[in-house]
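Asks: Could you look at this predicted model? Sequence included:
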Amino acid sequence: VSTQSTWGLSIMKSLPANVIQTIKNLGAEVNKVPGENMMHLKFRFQSPCWDAFEHYLLGEDDDPLVQCIFNPSANINLATFTPNNALVWPLLLECNSIIYHCRNLPAGNFVAGGPVLPAPLGAVGVPVAFHHARLAVSGVLRSIQAPNSMLYPTLQGLHSGSYICDVQYIWANSLVSVVIFKP
C-alpha cells in the first residue's frame, strides 16, 4: 500500500511504532513534524539508537528514500567542529552523490573499505530511492565518513571529529536523521 506525502513523493511503508518507541527509549531526540502526520527521530551513527534502527533495516526489503542534509543541532555546534558555510554546498553535493552512486549496489560492494566511487555529480535530485533498506546502512554511512576515492576533497579534507551531515531516511510516518561525524 502506497501513501502520498505532502511533498508529492510516493512512500511505500511506515516505520513501525515499536521501532520508533525502541529508538526513543534508547535516547533519540524525537519531535512531531509541524503540520505533518510524521515524527522526526534524530540520533548519532554507531549509537544504541543506530543499532536498533540498523537491526530493523537489515530485515527490510522496502525501498526507503534517503538524502543528506546539513542540520547540526546547537549541541553539535558547541561540542565539535562544524564546517564553515562555504563548505556546506560542496559537502552536501559529495554526500548526496555517494548516496546516489550506492543506491543500487549489491551488499558485497561494502566490504574491504567500501566501493570505489565515481566522481561526485554536478547535481543530485534528492531524496534518492534506495534499492532495499538493508543496503542503506553502515557501509553507505562509512563511505560518507571516509570515501574510498580521492575525488571527494571536501569530505577527505574534514578534520577528525567534524560534523559531516545528517543522513535522513524518509518513511510515510517518520523522518529519521542519523548524525554523521568524521572518524
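Replies: Yep, that arrived. Numbers count the residues shown, from 1 in each chain.
Asks: Dump stretch 96-111 to PDB, restricted to CA.
Replies: Provided in PDB are the C-alpha atoms of stretch 96-111 (Å, rounded to 0.1, in the frame of the first residue of the first chain):
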ATOM      1  CA  ASN A  96      24.300  13.000  -1.800                       C
ATOM      2  CA  SER A  97      26.500  11.800  -4.700                       C
ATOM      3  CA  ILE A  98      27.600   8.900  -2.500                       C
ATOM      4  CA  ILE A  99      24.000   8.100  -1.700                       C
ATOM      5  CA  TYR A 100      23.100   8.300  -5.400                       C
ATOM      6  CA  HIS A 101      26.100   6.100  -6.500                       C
ATOM      7  CA  CYS A 102      25.400   3.500  -3.800                       C
ATOM      8  CA  ARG A 103      21.600   3.300  -4.300                       C
ATOM      9  CA  ASN A 104      21.700   0.100  -6.400                       C
ATOM     10  CA  LEU A 105      25.000  -1.500  -5.400                       C
ATOM     11  CA  PRO A 106      24.900  -5.100  -4.100                       C
ATOM     12  CA  ALA A 107      25.900  -5.600  -0.400                       C
ATOM     13  CA  GLY A 108      29.200  -7.200  -1.500                       C
ATOM     14  CA  ASN A 109      30.500  -3.800  -2.600                       C
ATOM     15  CA  PHE A 110      30.600  -2.600   1.000                       C
ATOM     16  CA  VAL A 111      33.400  -4.900   2.300                       C
END
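Asks: Any buried residues in it, and which?
Replies: Neighbour counts over stretch 96-111 (16 or more other C-beta atoms under 10 Å) mark 96-103, 105, 109-110 as buried. No exception for glycine: its C-beta is placed from N, CA and C like everyone else's.
Asks: Residue 151: which of these is nearest?
Replies: residue 97 (9.2 Å; C-beta to C-beta).
Asks: got the contact list for whichever strand or helix holds residue 87?
Replies: Using DSSP states H and E, residue 87 sits within helix 85-102. Residues from elsewhere that reach helix 85-102 (C-beta atoms under 8 Å, 6 or more residues apart in numbering): 66-70, 83, 109, 115, 117-121, 123-124, 126, 128, 130, 135-136, 139-140, 143-144, 147, 152, 154-155, 158, 164-165, 167.
Asks: Just the ones of the residues you listed in strands?
Replies: Of the positions in the contacts of helix 85-102, 66-69, 128, 164-165, 167 sit in strands, assigned by DSSP state E.
Asks: In TSV, list those along with neighbour count, pLDDT and distance to residue 32.
Replies: Putting the ones in strands among the contacts of helix 85-102 into TSV (neighbours: other C-beta atoms under 10 Å; pLDDT from 0 to 100; distance: C-beta to C-beta, whole Å) gives the following:
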residue	neighbour count	pLDDT	distance to residue 32
66	24	91	22
67	23	94	20
68	27	95	23
69	15	95	18
128	21	88	25
164	26	95	26
165	26	95	23
167	23	95	21
